[in-house]
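# I would like to see how this sequence folds:
(4 chains)
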Protein chains: 2
Amino acid sequence: MSVSRLEVRERHFVEELGALFSEAGGAPMMGRVLGRLLIAAEPVQTAAELADYLDASAGSISTTLRQLTQARVVRKVRIPGQRAAGYRLAETAWTDVFMMKAHMNTIFREAAAKGLELLEASDRDTSRLKYFHDFYAFVERRMPQLVDEWLASQAQEES
Amino acid sequence: MSVSRLEVRERHFVEELGALFSEAGGAPMMGRVLGRLLIAAEPVQTAAELADYLDASAGSISTTLRQLTQARVVRKVRIPGQRAAGYRLAETAWTDVFMMKAHMNTIFREAAAKGLELLEASDRDTSRLKYFHDFYAFVERRMPQLVDEWLASQAQEES
DNA sequence: CTGAACTTTCAGAAAGTATTGAAATCTTGA
DNA sequence: TCAAGATTTCAATACTTTCTGAAAGTTCAG
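Numbers count the residues shown, from 1 in each chain, chains lettered A, B, ... in the order given. I've put the predicted structure just below:
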């Protein structure tokens, strides 16, 4: 059976999402799994189906699905009368991926705060560190607001 | 000469920033260099001074400074009567680091758009992909606004 | 309950990335 | 100009992360 033109381009899309996740500091397999869940005709996929489509081992699919499930980006679905569990994108997938990355802002702000504490005891110039701290504190405050704004705009659209 | 308590904690701060940059998907050395430039008593440091303090090779300092300079996070300063060039944090360092990361949102949105184009030709469900696309399009729009808002609030503070 | 199907775990292999070290090139004060 | 010092480049190496494969553990239809 030949592989259709569409399918080739689909695989390319999935592979690209893997590369992008890798660039963004994640594991390629995470991007690939999310890519497949985004475009598959059937939104619910089993681990075996994903492993087969992505030509990956059951082990790495298992690890990836656990990470994504723990991060609330993917949901595990049990289907009665079927042994294998299904997995689908969570409704909140993208806001959660976004907030996961945004969490780094908090960690940077905290590191800056510790640095400030350190220098305040000395007579050293703290202005550079203070600017760094204040910017990340600002971003940290705004990120959840941004997500709320998006959710509100989506709720509006529905009506 | 013994190393003071403050200096030990300073080195720890620098090392932590390296670890955070690594977690965030960058090179550890970038974080270390920025950390040192944040807390050094003298804001302008030469490549040799950084290499010495960070116990790193001249090569990796050179590579890192080039990357940071190209990204406009660090500025090269030439001091007359001194052979070695100096490096200091750019005024726009943190907004530029932030926008560099934010640029990934654009790349994700573009990937989603390509995927949509692909599925639109078929009779496949595009709602998951459309949601993905729209969220990142929203974030892409808001990020520069966020930085502007910050800059405006800083300008206000000065008066 | 049982056993076949599914899933997880984890040691080690493979792949990918950061850093070094040394040679080549460039810069600038004298 | 030139020589000493500074910087860049890049192949080799060390380190880190990702993925596989196989064995152990779990689940559920019959």
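
# Please make it C-alpha for all contacts and neighbour counts, starting now.
Noted.

# Which residue would you name as the spatial centre of chain A?
residue A:97 (3.0 Å; Cα atoms, centre = their mean).

# mind listing what it touches?
Shown in contact with residue A:97 (Cα atoms under 8 Å, 6 or more residues apart in numbering or on different chains): A:71, A:73.

# Buried residues of the helix or strand where it lies, list them for me.
Using DSSP states H and E, residue A:97 sits within helix A:93-121. Residues of helix A:93-121 classed as buried by neighbour count (16 or more other Cα atoms under 10 Å in any protein chain shown): A:93-96, A:98, A:104-106, A:108-109, A:111-113, A:115-116, A:118-119.

# how close does the residue nearest to the centre of chain A sit to residue A:72?
Residue A:97 is 9 Å from residue A:72, where distance means Cα to Cα, to the nearest Å.

# and if you look at residue A:19?
21 Å.

# Same check on residue A:43?
16 Å.

# Looking at these two, which is more packed in?
Neighbours were counted for residue A:43 and for residue A:72 using other Cα atoms under 10 Å in any protein chain shown; residue A:72 has more, 18 against 15.

# Does that one touch residue A:90 like I think?
Yes. Residue A:72 is within contact range of residue A:90, at 6.8 Å (criterion: Cα atoms under 8 Å).

# and the spatially closest residue to residue A:137 that is not a sequence neighbour, what does it touch?
Closest residue to residue A:137 apart from its sequence neighbours, by Cα to Cα, 6 or more residues apart in numbering or on different chains: residue A:109 at 5.9 Å. For residue A:109, the contacting residues are A:132-134, A:136-137, by Cα under 8 Å, 6+ apart.

# Would you pull up the residue in chain A closest to chain B?
Residue nearest to chain B within chain A (Cα to the nearest Cα): residue A:25, separated by 4.1 Å.

# so how many other residues sit close to the closest residue to that residue other than its chain neighbours?
Beyond its immediate neighbours in the sequence, the residue positioned closest to residue A:25 (Cα to Cα, 6+ apart) is residue B:25, lying 4.1 Å away. A count of nearby residues for residue B:25, using other Cα under 10 Å, gives 14.

# same deal with residue A:76?
Using other Cα under 10 Å: residue A:76 sits among 19 other residues.

# With residue A:44 instead?
16.

# how close does the nearest residue to it once chain neighbours are set aside get to residue B:45?
Using Cα to Cα, 6+ apart and skipping residues adjacent in sequence, the residue nearest residue A:44 is residue A:88, 4.8 Å away. Distance, residue A:88 to residue B:45, using Cα to Cα: 51 Å.

# give me phi/psi at the residue of chain A most remote from its centre?
For chain A, the largest distance from the centre (Cα atoms, centre = their mean) belongs to residue A:123, which lies 42.4 Å off. Dihedral pair for residue A:123: phi -100, psi 20, per degrees, to the nearest 10.

# Thanks a lot, see you next time.
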